[in-house]
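> Let me see the structure of the following:
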Amino acid sequence: MNQNERICHEKTPKGIQTALDDLAVRKPGLSSLVSAFGPVLVAKAELTERLSEDEINKPDIPESDWIRFSKGVHLFAITGLMDFQKEFKQAAHMILPPIAEAFSGIGADIEAIERNIADDSLDADDCVQAFVKNYTRNITAFAARAGTSPDIFRFALAQIAEPFKEIQARAFSPLIEGHQWPHGHCPMCGSFPAVAGLIGEGEARWLQCSVCAHEWRFSRHTCPRCENNEQSSLEYFFDQDSPAKDEERVSVCKLCNTYLLTIALRQPTGPVNMDVAAMGMIGLENQARGKGFSPQAAMLWNLME
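Alright, predicted model coming up:
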């Protein structure tokens, strides 16, 4: 297998919408899931498409920081997150309404946050700084101003920030070429994967970050979450009722009691959106949860029981 072979991604809004439509046709039982969360994926893709990775300054990273990186310190912890204050209000306007629709239980809270951002009751720069620097006191105060809880406010900010993390990860990707990363958390933002792809006949495993969508190659025989490589405690199973059971599987680790969705892409294939693919494996997720396992990283559609 070509060592440079990796997942061929579909990240355009139009392509993602087509994948969502195809999923609803292939698995009609998931139509409500597609209708609820599909618009969120499309909105984030639309925002990402408007951003330019060429405008992001690539920092000069000293050797001492590359040593930290090799020991597992993710790149954003070294460089910091890009300033997205200028686009913050537009991002909130694009992303929060479909989030409110998807999460009806907190929809009114999300709508209140969006209104407060739109009318500048919540200052964009203050919100960005509070999120980036994790100022708990400020987040609590801003949440109270919007009439919601700190947890919901933090969740809303995290959803707004995701496209900016993704575009920064794309811009910084060349920086880490040639640097080893044998860890299970993302080399860019430090988050864990929610889905993996097995590529080619040798089934090399590529993990996709659940937050910034960066992908990195990782051992097939090691749990990304706890880096356990004791084979007796690592298993996988298929959805026996799925026509794609040979392509879709869930890997579980009995040491940390987590699971990772996995899709096999053995043959050359067209672009695939891994988030949509993961959404289509909700049946496997339910099986894994029924066996007592938790996701290595949450996706929007498995946040609520």
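> need the helices for the stretch 101-250 of the chain, in chain order.
107-118, 124-132, 136-146, 150-172 (DSSP state H, counting those that start in this stretch).
> Contacts only, for the residue nearest to N229 when sequence neighbours are not counted.
Of all residues not flanking N229 in the chain, T222 sits nearest, at 4.4 Å (C-beta to C-beta, 6 or more residues apart in numbering). Any C-beta I mention is one placed from the backbone N, CA and C, and that applies to glycine too. Residues in contact with T222 (C-beta atoms under 8 Å, 6 or more residues apart in numbering) are G184, N228, N229.
> K14 too?
Per C-beta under 8 Å, 6+ apart, neighbours of K14: none.
> Start at 8, not 1
In the new count, where the first residue is 8, that last one comes out as K21.
> Please tell me the pLDDT value assigned to it.
With respect to pLDDT, K21 scores 96.
> now swap in the one 4 residues further on and tell me
On the pLDDT scale, T25 is placed at 96.
> Could you check how many residues crowd around it?
14 (other C-beta atoms under 10 Å).
> What sits closest to the residue positioned nearest the centre of the chain if chain neighbours are left out?
The centroid of the chain falls nearest to S217 when counting by C-alpha atoms, centre = their mean (2.3 Å). With sequence-adjacent residues excluded and distances taken as C-beta to C-beta, 6+ apart, S217 is closest to A304, at 3.6 Å.
> how many other residues sit next to that neighbour?
Neighbours of A304 using other C-beta under 10 Å come to 23.
> Need phi/psi at the residue nearest to N236.
Main-chain dihedrals, T229, degrees, to the nearest 10: phi -140, psi 140.
> For it, give its distance to A203.
12 Å (C-beta to C-beta, to the nearest Å).
> ok, now L272?
10 Å.
> Look at the two and report which has more neighbours.
A203 (25 against 20).
> What confidence value was assigned to the more buried one?
On the pLDDT scale, A203 gets 95.
> now do G185
pLDDT, G185: 89.
> A163 and E108: what is the separation?
In terms of C-beta to C-beta, A163 sits 14 Å off from E108.
> and the two? which has more neighbours close in?
A163 (27 against 16).
> Hmm, the more buried one is touching A107, no?
No: taking contacts as C-beta atoms under 8 Å, A163 lies outside contact range of A107: 9.3 Å.
> which neighbours do these two share?
I117.
> Okay, domains of this structure per the record?
As given by automatic domain parsing, the domain ranges for the chain are 58-182, 188-309.
> returning to what we had before: tell me which of the helices of the stretch 108-257 of the chain lies nearest to R75.
helix 157-179 (15.2 Å; C-beta to C-beta).
> Give me the buried positions along that closest one.
Under the neighbour-count criterion of 16 or more other C-beta atoms under 10 Å, helix 157-179 has 157, 159-164, 166-179 buried.
> who touches D133 in this structure?
N145, F149.
> do you know how far it is from L164?
D133 is 11 Å from L164, by C-beta to C-beta.
> quick one: low-confidence parts of the stretch 208-312 of the chain?
Across the stretch 208-312 of the chain, the ranges flagged by pLDDT under 70 are 247-253, 273-276, 311-312.
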